[in-house]
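Trainee: need coordinates for the following:
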Amino acid sequence: MNIDLNLYLLFHTVAKLGSITKAAEELYVSQPAITQSIKTLEHQLGATLFIRTKKGVTLTEEAKVLYNYIDEGITYIKNGEAKFQELMNLQDGTLKIGASTTVTQHVLLPYLEKFTTLYPNINVSITNHLTSDLIKLLRNGTVDLLILNLPTTEHGDLEIIPFMEVHDILAVGEKLKSLSLKEQQLKDLQKKDFIFQKSPSNTREFLNNFLTKEKIEIIPKYDVVSFNLVKDMTTIGLGIGYLTKEFIDSEIQSKKLFPLNINPTIPSRKIGLVTLKKNIPSFASRSFINIILEKDTH
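Mentor: Below is the predicted model of the structure:
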């Protein structure tokens, strides 16, 4: 049975008010139009719905059952509309972000602070993982968007928007400060102790590609799992650390770490926002993306 839902809305209003005249006034529809619509609905259902009285109309016993179902359905629709408005106005909803621990700490937090200040009722979850795993989580819907170190392997289904430039450097702590006092040829440092993040991180892959291009082989003495561990081990003088300048500004300013001036220099790279091309972002995701692309964290 394929019945126009507007007929049910008219039926519900007439039944609720007990009057075709009042229903016409509420719906801004003529009385003859409502009368004809009720007749159409009765014809399609194959039964009488209303009994006319001097005071108006009342439902038949069978129509009372139908009314209860229609009333419940309209309530669900109204609740759905209200919930949709809450989501649209960011009064409710969720935001699920994927990023590495390093990117979360050094890139994501200022944007997240602004977002949660503007939209305190949005539930935010952050998943930290390797890039390859995060892309899988994006594809299966576990997260809404990713913030990644670029470059990443090109995927036709991903929308990748770079929004921040960063500069990888070699740095040392106080014990090896003398290395920072003059320009160093990278090939002359090959035998020194180095501290790198383990593969298969994007940071390590970028470094490996750079060294391969320059035909320089460096086997690090320390292969560690996190950026912060590279930073801490470099600070106490265990070797030359491969670090991101923007993420160690405070340590450079406080003279705990000293950037090396090396030749050739390491090219800059980007931090990017990644979403699925086929997905329409939720209202919460779209608002967070706008905050990032505006580059306004104040």
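Trainee: so how far is Met88 from Thr117?
Mentor: Thr117 is 19 Å from Met88, where distance means Cβ to Cβ, to the nearest Å. Yep, even glycine has a C-beta here, placed from its N, CA and C like the rest.
Trainee: neighbour count winner among those two?
Mentor: Shown here are Thr117 and Met88; by other Cβ atoms under 10 Å, Met88 has more neighbours (12 against 8).
Trainee: the more buried one reaches Phe283, doesn't it?
Mentor: Yes: at 5.3 Å, Met88 counts as touching Phe283 under the criterion of Cβ atoms under 8 Å.
Trainee: touching both of those two, which residues are there?
Mentor: Contact criterion Cβ atoms under 8 Å, 6 or more residues apart in numbering; residues shared by Met88 and Phe283: none found.
Trainee: any regions of the stretch 101-250 of the chain where pLDDT drops low?
Mentor: Applying pLDDT under 70 to the stretch 101-250 of the chain flags residues 154.
Trainee: buried sites along the host helix or strand of Thr58?
Mentor: If you go by DSSP states H and E, Thr58 is part of strand 56-59. Neighbour-count burial for strand 56-59 flags 57, 59 (criterion: 16 or more other Cβ atoms under 10 Å).
Trainee: please identify the pairing partners of it and their relative orientation?
Mentor: strand 50-53 (antiparallel) (DSSP bridges).
Trainee: state the mean pLDDT of the partner strand.
Mentor: The pLDDT scores in strand 50-53 average 91.
Trainee: ok, stretch 259-278 next?
Mentor: Mean pLDDT, stretch 259-278: 94.
Trainee: just the helices from this structure, written as ranges.
Mentor: Taking DSSP state H, the helices of the chain run over residues 5-17, 20-27, 31-45, 61-88, 101-103, 109-118, 131-139, 202-213, 227-235, 249-253, 283-294.
Trainee: what is the neighbour count of the nearest residue to Thr94 once chain neighbours are set aside?
Mentor: Of all residues not flanking Thr94 in the chain, Asn123 sits nearest, at 4.7 Å (Cβ to Cβ, 6 or more residues apart in numbering). Asn123 is flanked by 10 other residues according to other Cβ under 10 Å.
Trainee: residue farthest from the centroid of this structure?
Mentor: What lies farthest from the middle of the chain is Lys54; by Cα atoms, centre = their mean that is 60.4 Å.
Trainee: residue contacts, it?
Mentor: By Cβ under 8 Å, 6+ apart, Lys54 lies in contact with nothing.
Trainee: and it, backbone torsions?
Mentor: When read as degrees, to the nearest 10, the backbone of Lys54 gives phi -70, psi -30.
Trainee: okay, it and Gly18: tell me how far apart.
Mentor: 12 Å.
Trainee: do Val124 as well
Mentor: 49 Å.
Trainee: re the thing from before, dump the helices of the chain to TSV, plus distance to Leu189.
Mentor: Converted to TSV, the helices of the chain look like this (distance: least, Cβ to Cβ, whole Å):
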stretch	distance to Leu189
helix 5-17	74
helix 20-27	81
helix 31-45	85
helix 61-88	54
helix 101-103	24
helix 109-118	33
helix 131-139	28
helix 202-213	11
helix 227-235	14
helix 249-253	19
helix 283-294	36
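Trainee: what ranges do the strands span in the stretch 151-298 of the chain?
Mentor: With DSSP state E, counting those that start in this stretch, the ranges of strands along the stretch 151-298 of the chain come out as 158-166, 168-172, 184-185, 194-197, 222-224, 240-244, 258-259, 262-263, 269-276.
Trainee: any chance of these in CSV, plus mean neighbour count?
Mentor: Formatted as CSV, the strands of the stretch 151-298 of the chain follow (neighbours: other Cβ atoms under 10 Å):
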stretch, mean neighbour count
strand 158-166, 15
strand 168-172, 23
strand 184-185, 14
strand 194-197, 23
strand 222-224, 16
strand 240-244, 25
strand 258-259, 17
strand 262-263, 14
strand 269-276, 19
